[in-house]
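A.B. asks: Show me the folded form of this:
(chains A and B)
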Amino acid sequence: MKNVRSPESLVTTRPKLAHQQFGSGPDVVLVHGLAANRAFWYPLATALSSQYRVTIYDLRGHGYSERPTSGYTATDQGQDLLHLMDELALEEAAVIGHSYGGAAALEAVLLQPQRFSHLALMDTRIQRLQSELRLHDVGQLTAFEQAAARQDGGDWASEPEVGFRFLEVAARNKVAGVELDAGGEFVPFGEGRGALRAAKQWLGLLDDTSLRQDFRVPGAEAEAYAALRQPTLLMYPSHSRSGATSSRLQALLPNSRLVSLPQAGHFFPVTHPAQVRAEVEALLRSS
Amino acid sequence: MSKSDIYVTKLISLLKDFTQDWDNEFDGEMDRSSKLLGDLSFESIDIIQLIVAIQEDIVGGKLPFEKLLMKDGRYVDDLSIGQIADFLAANIPG
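C.D. replies: Next up, the predicted model:
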């Protein structure tokens, strides 16, 4: 494994994905969201490792995984997960995904349901169920988003993917040396001086790969969800911007349970680790 | 030279290699007190990747690094080279 973030991959074969395993027992795989990396899940991975073998990995183009120029749809990334499971000889695993990582996890489960014992989606928006996130869907902007929108000054009202755009504005500000007031909340690219490299890595993905287009490509048809029998945890903040997704998933997935987390933001696995661990452990005990 | 000091030397050698391709502002000499986030521009993902490298190149196996990295379910604020060396000295037999 090279110690270089996102080495360019010019080959068309599946990229090498940086990964780690902890503990022993039934398999659990944790999938991070866009502009994050496997460090997002390290605290939960180590907490679960006393009872489970936990695998964390970097999505293609993220962290220390290779960065091909294409293949960033949720379906592509679901296939990446299945290939990683093949490589690591994981016959069956529980899979837990945050944000876009949940979309990738869901596609993997739909592709090969027999390989997944449990599924958890954490504040995941599914393009098939909720194809846009416009400003009027968002409700209240965070202090950081308000600062980002003010600083950017662009036409946010016609933007179909405001969350995605906030990520881009945050990264471009970081690279330009513009510090925005985050009001103490967890923000992308907010982690010290090293975050400059994370911001550049994200902009590289936006500027040099098909991720921006691929992100909007829907996965499997919603009719397929009814066939999934895995115990499924849907964990969403009470004011989630993906509320339309969570209610539809609850209706479509026959063995799902919705947990609403009050006073939490999108990055609640970082800010509310004890609640997340408790819910995940309850899920993994269920059958 | 103490066992911990020997690991400091090994860690500095590993860190120079690890960060050689980074566009790093740090232009001083690394020593026991150098901090990964504060001085060397690490992020959490870099620390985790560094641990993989330490386990491969120095330890030759796994150690419970989470005891060093985590406190009450969250990441510690920063880590110095000396703290990692002390951890290695305490956890590697011999």
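
A.B. asks: Now do residue 30, the pLDDT please.
C.D. replies: Went with chain A since none was named. For A:L30, the pLDDT comes out at 98.

A.B. asks: ah, no, chain B please
C.D. replies: We have a pLDDT of 95 for B:M30.

A.B. asks: Contact partners for A:A105?
C.D. replies: Applying CB atoms under 8 Å, 6 or more residues apart in numbering or on different chains, we find A:A105 in contact with A:V29, A:V31, A:G78, A:L81, A:V95, A:I96, A:G97, A:L119, A:L121. Yep, even glycine has a C-beta here, placed from its N, CA and C like the rest.

A.B. asks: Just give me the closest of those residues to chain B.
C.D. replies: Ranked by distance to chain B (CB to the nearest CB), the contacts of A:A105 are led by A:V31 at 14.9 Å.

A.B. asks: How about the residues of chain B by chain A?
C.D. replies: B:17-18, B:21-23, B:25, B:37-38, B:41-50, B:52-53, B:66, B:69-70, B:73-75 (CB under 8 Å from any CB of the partner chain).

A.B. asks: can you tell me which of these are in strands?
C.D. replies: B:M70, B:R74, B:Y75 (DSSP state E).

A.B. asks: wouldn't A:D214 be in contact with A:P68 here?
C.D. replies: No. Using CB atoms under 8 Å as the test, A:D214 is too far from A:P68 to be in contact (11.1 Å).

A.B. asks: who's more crowded, those two?
C.D. replies: Between A:D214 and A:P68, A:P68 has the larger neighbour count (other CB atoms under 10 Å in any protein chain shown), namely 20 against 16.

A.B. asks: from what I can see the more buried one touches A:L59, true?
C.D. replies: No. With contact defined as CB under 8 Å, A:P68 does not reach A:L59; the gap is 11.5 Å.

A.B. asks: Let me see the contact set for the residue nearest to A:S240 when sequence neighbours are not counted.
C.D. replies: Spatial nearest neighbour of A:S240, excluding adjacent residues (CB to CB, 6 or more residues apart in numbering or on different chains): A:D123 at 5.5 Å. Residues in contact with A:D123 (CB under 8 Å, 6+ apart) are A:H98, A:S99, A:G102, A:M235, A:Y236, A:P237, A:S240, A:S242, A:H266, A:F268.

A.B. asks: that older thread, any chance of TSV for the contacts of A:A105, columns secondary structure and distance to chain B?
C.D. replies: Shown next, in TSV, are the contacts of A:A105 (DSSP: H, G, I helix; E, B strand; the rest coil; distance: CB to the nearest CB, whole Å):
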residue	secondary structure	distance to chain B
A:V29	strand	16
A:V31	strand	15
A:G78	helix	22
A:L81	helix	19
A:V95	strand	20
A:I96	strand	16
A:G97	strand	18
A:L119	strand	23
A:L121	strand	22
